[in-house]
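*Asks:* Sequence and predicted structure below; questions after.
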Number of protein chains: 2
Amino acid sequence: MKVLIVFAHPEPKSFNGAMFQTAIATLKAAGHDVQYSDLYAMKFDPVSDRRNFISTKDSEYFKQQMEELYATEMGSFAPEIETEMQKLEWCDLMIWQFPLWWFSVPAILKGWVDRVFAMGRAYDREHIYETGRFRGKQAMLSLTVGGSKEAYLDGGFNGDISAILRPIQRGMLQFTGFDVLAPYIVYAPVRQTDAVRQSILDDFSQRLQTITSELPIAVGQY
Amino acid sequence: MKVLIVFAHPEPKSFNGAMFQTAIATLKAAGHDVQYSDLYAMKFDPVSDRRNFISTKDSEYFKQQMEELYATEMGSFAPEIETEMQKLEWCDLMIWQFPLWWFSVPAILKGWVDRVFAMGRAYDREHIYETGRFRGKQAMLSLTVGGSKEAYLDGGFNGDISAILRPIQRGMLQFTGFDVLAPYIVYAPVRQTDAVRQSILDDFSQRLQTITSELPIAVGQY
């Protein structure tokens, strides 16, 4: 299977970094083809505007979707965007490894979506959700959160983690046709002992070894 | 009243740009003090890492919250972050004007939060939600979305817009103590006539003229 891992954390030695490395090693050992985008290491620029394109459809008024449609037709996305698009199109499974910041993905990952999931190329009016361009592909969020599990239950401090992840799982992944696998969520790794952290990495590795047999989850409406 | 408007759209001539200008003009005419952050015009960098600081607590291992606590103590945030923090601390009302991209804010605005809402300065373990640092301040989301209103109802195509906005309203605004006013949502402005768009701007202006008398909304748990 072809797996794309997108990693968004500024510290390679972080627990997120360890999860990223565990995923690469485990999936390669299981015989899968692995590509990754280490967004901080790449110094990926998350700001979406005319820099996404080497072409210009309308120099007077910037309408991003119109420029995206034009660039799709002309093959004129900026090279760093084209590269990411090809990884996205190549993969059978995409994993995002990130810390939950402010109930969402870090800006560097949000901007990867803003720029790479371009109209024409990643979706259009006829190709969203059940008819999405990336139908047949699977995606999984793998994340760390700062709080305890109790804080992220329905009625808890922050509310149900499923509701917090819904804009990502529904609005980014399912929107473009991905089937969503159950997220892998690590609560407050910073408050765990090294031994517990290692056991989490082992558990994560175990899960990835059989991930090809997993079925997608339902992402609720809320 | 002191009002901070944060604007995140790459095209000043867009409908979002018109809403931003309408807000500035209306609030000034009503006698309020207005500051704004036009993130694209400022070329705001949304990537959060060591660039947030002019100090270093630990040069071996980057733990953002620890560096934030240290920079709070030392007064050593990077100048562009310090400036934004002071605007945030100054305001009584904050308005975010943005297009909903991928069920969330554009990356440039997400990164403004990632970098400016620093631990120690904007919150800490004892100061979140009801005890938040920004208690007594109000915040309002003002946004455009691409789809029709029907697509954003409970059971609709994309699901309830309130659920989509919850991670922002709960996880960013209420988390730091802001009271949340009802969002101002414009559906598919691109598909409206100029006359309808003007009537929306007039309606928006009307609302802003009496915004000081508004009461906060409840942001559901979902």
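*Replies:* Happy to help now that I have it.

*Asks:* who's in contact with the worst-scoring helix or strand of chain A on mean pLDDT?
*Replies:* The least trusted helix or strand in chain A, going by mean pLDDT, DSSP states H and E, turns out to be helix A:161-168, with a mean of 95. Contact with helix A:161-168 is made by A:100, A:103-105, A:141, A:145, A:152-154, A:158, A:183, A:185, A:219-220, A:222, B:102-104, B:159, B:163-164, B:166-167, B:171, B:221-222, as judged by C-beta atoms under 8 Å, 6 or more residues apart in numbering or on different chains. Heads up, the C-betas are built off the backbone N, CA and C, glycines and all.

*Asks:* Can you list the strands that the helix or strand hosting A:Leu143 pairs with?
*Replies:* Assigned by DSSP states H and E, A:Leu143 belongs to strand A:138-145. According to DSSP bridges, strand A:138-145 forms sheet pairs with strand A:93-99 (parallel), strand A:179-180 (parallel), strand A:184-187 (parallel).

*Asks:* What residues of that strand count as buried?
*Replies:* Buried residues in strand A:138-145, counting neighbours by 16 or more other C-beta atoms under 10 Å in any protein chain shown, are found at A:138-145.

*Asks:* Could you report the pLDDT at the spatially most central residue of chain A?
*Replies:* For chain A, the residue lying nearest the average C-alpha position, counting by C-alpha atoms, centre = their mean, turns out to be A:Trp96 (3.7 Å). A:Trp96 is assigned 99 on the pLDDT scale.

*Asks:* can you pull the contacts of it?
*Replies:* Neighbouring residues of A:Trp96 by C-beta under 8 Å, 6+ apart: A:5-6, A:8, A:105, A:109, A:139-143.

*Asks:* can you check A:Ala118 too?
*Replies:* By C-beta under 8 Å, 6+ apart, the contact set of A:Ala118 is A:52, A:68, A:71-72, A:77, A:81, A:85.

*Asks:* 10 Å instead, please
*Replies:* The neighbours of A:Ala118, taking C-beta atoms under 10 Å, 6 or more residues apart in numbering or on different chains as the test, are A:48, A:52-53, A:64-65, A:67-69, A:71-72, A:77, A:81, A:85, A:124.

*Asks:* What's the ChimeraX line that selects buried ones from those?
*Replies:* The following ChimeraX selection, which keeps only the buried ones among the contacts of A:Ala118, applies the criterion 16+ other C-beta under 10 Å:
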select /A:48,52,53,64,67,68,69,71,72,77,81,85,124
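
*Asks:* Just the contacts of A:Ala118: which are in helices?
*Replies:* Within the contacts of A:Ala118, residues falling in helices by DSSP state H are A:64-65, A:67-69, A:71-72, A:81, A:85.

*Asks:* between the buried residues of strand A:138-145, which is nearest chain B?
*Replies:* Comparing the buried residues of strand A:138-145 against chain B with C-beta to the nearest C-beta picks out A:Val145 as the nearest, at 11.0 Å.

*Asks:* Which residue comes closest to that closest one once chain neighbours are left out?
*Replies:* The shortest distance from A:Val145 to any non-neighbouring residue, by C-beta to C-beta, 6 or more residues apart in numbering or on different chains, is to A:Leu100 (4.5 Å).

*Asks:* give me the low-pLDDT residue ranges for chain A?
*Replies:* Flagging of chain A using pLDDT under 70 yields the residue ranges A:221-222.

*Asks:* circling back: wait, doesn't the residue nearest to A:Val145 sit right on A:Pro189?
*Replies:* No. When contacts are counted by C-beta atoms under 10 Å, A:Leu100 is not listed as touching A:Pro189 (11.8 Å).

*Asks:* any common contacting residues for the two?
*Replies:* When contacts are counted by C-beta under 10 Å, 6+ apart, the set common to A:Leu100 and A:Pro189 consists of A:144-146.

*Asks:* Format the residues you listed as a markdown table; extra columns: distance to A:Glu214.
*Replies:* Listed next are the shared contacts of A:Leu100 and A:Pro189 as a markdown table, based on distance: C-beta to C-beta, whole Å:
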| residue | distance to A:Glu214 |
| --- | --- |
| A:Thr144 | 21 |
| A:Val145 | 22 |
| A:Gly146 | 27 |
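
*Asks:* Is A:Asp45 in a helix, a strand, or coil?
*Replies:* coil (DSSP: H, G, I helix; E, B strand; the rest coil).
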